[in-house]
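Asks: I'll drop the sequence and a predicted model, then ask my questions.
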Amino acid sequence: MTFWEKIQNIDRRWIYMIVALCIIVPLLIPFNSKTYVTEPTVNLYKKIDSFSDKEDKAILLSFSHDASTMAELFPMEVSILRHCFERNIKVFLICFSPPSAPLMAYALNVAKEDYPDLESGVDYCNFGYKPYGLFLPIVLGMGDDVGEAVDTDADGRKVKNLEIMKGIRNYDDLNLIIDFAASAAVFSWITYARVRFGANVAAGVTAVMAADNYPYLQSGQLVGMLAGLKGAAEYEKLVDVFAAYEDEQYSDGRNFSQEVIKNTWVPIMKKTISYTSGETNVQTDVELPYKFKQARIGMNAQSIAHIMIIVFIIIGNIGYFLSRKNKNEV
Amino acid sequence: MFEILSNIVAALLTLFIFSFLYKDNPFYRFAEHLLVGVTMGYAIPLVYTNAFIPFVYQPIFLEGQYWLIIPSILGILYIFRFTKNLSWLSRYPIAFGMGIVGMGVPMSMHSSVLVQMRNAMRPIDNINTLIIFLGTVTILLYFYFSKPHKGLYGKFTNIGIWFMMVGFGASFGYTVMARISLLIGRIQFLLGDFLGLIK
């Protein structure tokens, strides 16, 4: 039996083992890799950024997934929340399925850990879990009055009495809805909130769902889209380079620039920065918290695993064609 | 302490599920059944406190909005789905639900058909619009079955098949990426939160 014939009959568990190693090693020994941002991610970033410091604009984050797809969607949720908190953007959260409720609270808690001054009901508001039967009444109702449609938040407070509601009445103000979904839930927001009221809709979806959403992106019905772990990694980078950027010149982040993003490489591992203190030049190591670079570290492993899968496909095809050739000769 | 315990339980259950990659076994089946049970156990009280209490019990029994008894009865009819003789009763709430879905048809037509058509009719002024035009026309021709796919017409429909294959390939590539991402997420948990090997 030749090598190629053996490869054709290899036990699939060996392949599982190799794929697992391709993921474990890059996670244990992380390295700095480049993340290239794509247009749908940049468009979403710029849209959110345009709401900075505005009293009469807010963003609604809708969570439509359970824990099984957390690996892809959780890093993008944390990144977008971090962006909103850095830029002083009002943000609301809502979910219509029971398993999404704890994930929504978890993402919010992880993101706001670094912003102790934020207040619930003032800077952000968690509407909490609403039964799916109320999806249509709430989505259509928010077109007239958000406070009336949602009624109470996760803590049981009357939404319209909250300070965050100053300047926020309907989709004219709550003008961007981002749905984090592992299903076709984004389509419902497009159908009811966009078509009926002209609200801007964006998607943070699992890679499986990305292909389904591209037609809506291409036709301009989605203002932006984060597709899977790659989309999350891109957004993490944009927040690092602009909204959360800090140095002597920019103490409060910097504005988006295509030139900056083209020329900036953000090391995800420990980096040394130098600054002048008095007359001395100080050098110090800074490291971003893991939660803000989780997707980019994950993409290291993803890249290695993809290369391995491509190698498997090539080897498998060579083996297939050689064994077919041998059979024909016999 | 709670975090350590919950991480141990989560890590064990993750390993139970992964054990299926070797072969089917009782640990995998235990974890699988536990997931279904826990999901239901979590959802029922959440729906009870967030749906039944505020939208049925409170308005009817505390606020006297008795007209809500009608939709409540309509909802209860769903339970008859589990009986052989009276299962027909469950069709009424389903019919009501379908009526509501019908409300979305004009809006779905707008977003999924009209806007997509409008964007497919743009002037062919760059390579992308040319590719979209070719793809749309040849795939539509492929799905026109009143003429045999032969000769020049067959060549056009073959181009449509190629476009579809590229589409399926992109979709499959994304699916592989998604599945690897989920594995990465679990391994990040096992190595990081559980074993503390990722800082």
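Replies: Sure, I can see it. Small disclaimer: the values here were computed from a predicted structure and weren't measured.
Asks: would you map the helices across the chain?
Replies: Because you didn't say which chain, this covers chain A. A:3-8, A:12-28, A:39-49, A:70-86, A:100-112, A:135-141, A:146-150, A:185-189, A:195-197, A:207-218, A:228-238, A:258-263, A:294-329 (DSSP state H).
Asks: chain B was what I was after
Replies: B:2-18, B:26-47, B:69-76, B:91-103, B:105-108, B:115-120, B:127-142, B:151-188.
Asks: give me the mean pLDDT for the second one.
Replies: By that I understand helix B:26-47. Taken as a whole, helix B:26-47 has an average pLDDT of 93.
Asks: so which elements touch it?
Replies: With contacts defined as 3 or more CB pairs under 8 Å, 6 or more residues apart in numbering or on different chains; DSSP states H and E, helix B:26-47 has these neighbours: helix B:2-18. Just so you know, the C-beta spots here come from the backbone N, C-alpha and C atoms, and that holds for glycine as well.
Asks: burial of residue B:84, as a residue count?
Replies: By other CB atoms under 10 Å in any protein chain shown, the residues close to residue B:84 number 6.
Asks: tell me the spacing between residue B:85 and chain A.
Replies: Distance, residue B:85 to chain A, using CB to the nearest CB, to the nearest Å: 27 Å.
Asks: any chance of the helices of chain B in a markdown table, plus distance to residue A:38 and mean neighbour count?
Replies: Listed next are the helices of chain B as a markdown table, based on distance: least, CB to CB, whole Å; neighbours: other CB atoms under 10 Å in any protein chain shown:
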| stretch | distance to residue A:38 | mean neighbour count |
| --- | --- | --- |
| helix B:2-18 | 32 | 13 |
| helix B:26-47 | 34 | 13 |
| helix B:69-76 | 45 | 13 |
| helix B:91-103 | 34 | 12 |
| helix B:105-108 | 28 | 14 |
| helix B:115-120 | 19 | 15 |
| helix B:127-142 | 15 | 15 |
| helix B:151-188 | 13 | 16 |
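Asks: can you list those in CSV and add distance to residue A:156?
Replies: Putting the helices of chain B into CSV (distance: least, CB to CB, whole Å) gives the following:
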stretch, distance to residue A:156
helix B:2-18, 25
helix B:26-47, 14
helix B:69-76, 23
helix B:91-103, 28
helix B:105-108, 33
helix B:115-120, 40
helix B:127-142, 50
helix B:151-188, 33
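Asks: rewinding a little: of the helices of chain A, which is nearest chain B?
Replies: The closest of these to chain B is helix A:70-86. By CB to the nearest CB, the value is 2.2 Å.
Asks: is the closest one up against chain B anywhere?
Replies: Yes. For helix A:70-86, a contact with chain B is found by CB under 8 Å from any CB of the partner chain, at A:70, A:71, A:72, A:74.
Asks: okay, now the unreliable bits of chain B?
Replies: By pLDDT under 70, chain B has no low-scoring segment.
Asks: which residue does it bring closest to chain A?
Replies: residue B:185 (2.2 Å).
Asks: what's the closest non-adjacent residue to that residue?
Replies: Using CB to CB, 6 or more residues apart in numbering or on different chains and skipping residues adjacent in sequence, the residue nearest residue B:185 is residue A:71, 2.2 Å away.
Asks: that neighbour: neighbouring residues, count only.
Replies: The burial count for residue A:71: 26, using other CB under 10 Å.
Asks: repeat for the one 3 residues further on
Replies: By other CB under 10 Å, the residues close to residue A:74 number 22.
Asks: for it, give me its contacts.
Replies: By CB atoms under 8 Å, 6 or more residues apart in numbering or on different chains, the contact list for residue A:74 reads A:103, A:106, A:107, A:294, B:185.
Asks: could you identify which of the helices of chain A is most buried?
Replies: helix A:228-238 (a mean of 28; mean count of other CB atoms under 10 Å in any protein chain shown).
Asks: chain center to it: distance?
Replies: Taking CA atoms, centre = their mean, to the nearest Å, the mean C-alpha location of helix A:228-238 is offset from the chain mean by 6 Å.
Asks: packing partners for it?
Replies: Counting by 3+ CB pairs under 8 Å, 6+ apart, helix A:228-238 packs on helix A:39-49, helix A:70-86, strand A:200-205, helix A:207-218, strand A:225-227, helix A:294-329, helix B:151-188.
Asks: specify the angle between that helix and helix A:39-49 in degrees.
Replies: 50 degrees (axes from the mean of the first three to the mean of the last three CA atoms, to 10 degrees).
Asks: report the angle between helix A:228-238 and helix A:70-86.
Replies: 20 degrees.
Asks: tell me the mean pLDDT over helix A:228-238?
Replies: Regarding helix A:228-238, the rounded mean pLDDT is 95.
Asks: export it to CSV, keeping only CA atoms.
Replies: The C-alpha coordinates for helix A:228-238 follow below in CSV (Å, rounded to 0.1, in the frame of the first residue of the first chain):
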residue,chain,number,x,y,z
GLY,A,228,-17.9,35.7,12.3
LEU,A,229,-14.6,35.8,14.3
LYS,A,230,-12.9,37.7,11.5
GLY,A,231,-15.4,40.5,11.7
ALA,A,232,-15.0,40.6,15.4
ALA,A,233,-11.2,40.8,15.1
GLU,A,234,-11.5,43.7,12.6
TYR,A,235,-13.7,45.6,14.9
GLU,A,236,-11.4,45.0,17.9
LYS,A,237,-8.6,46.5,15.8
LEU,A,238,-10.7,49.6,14.8
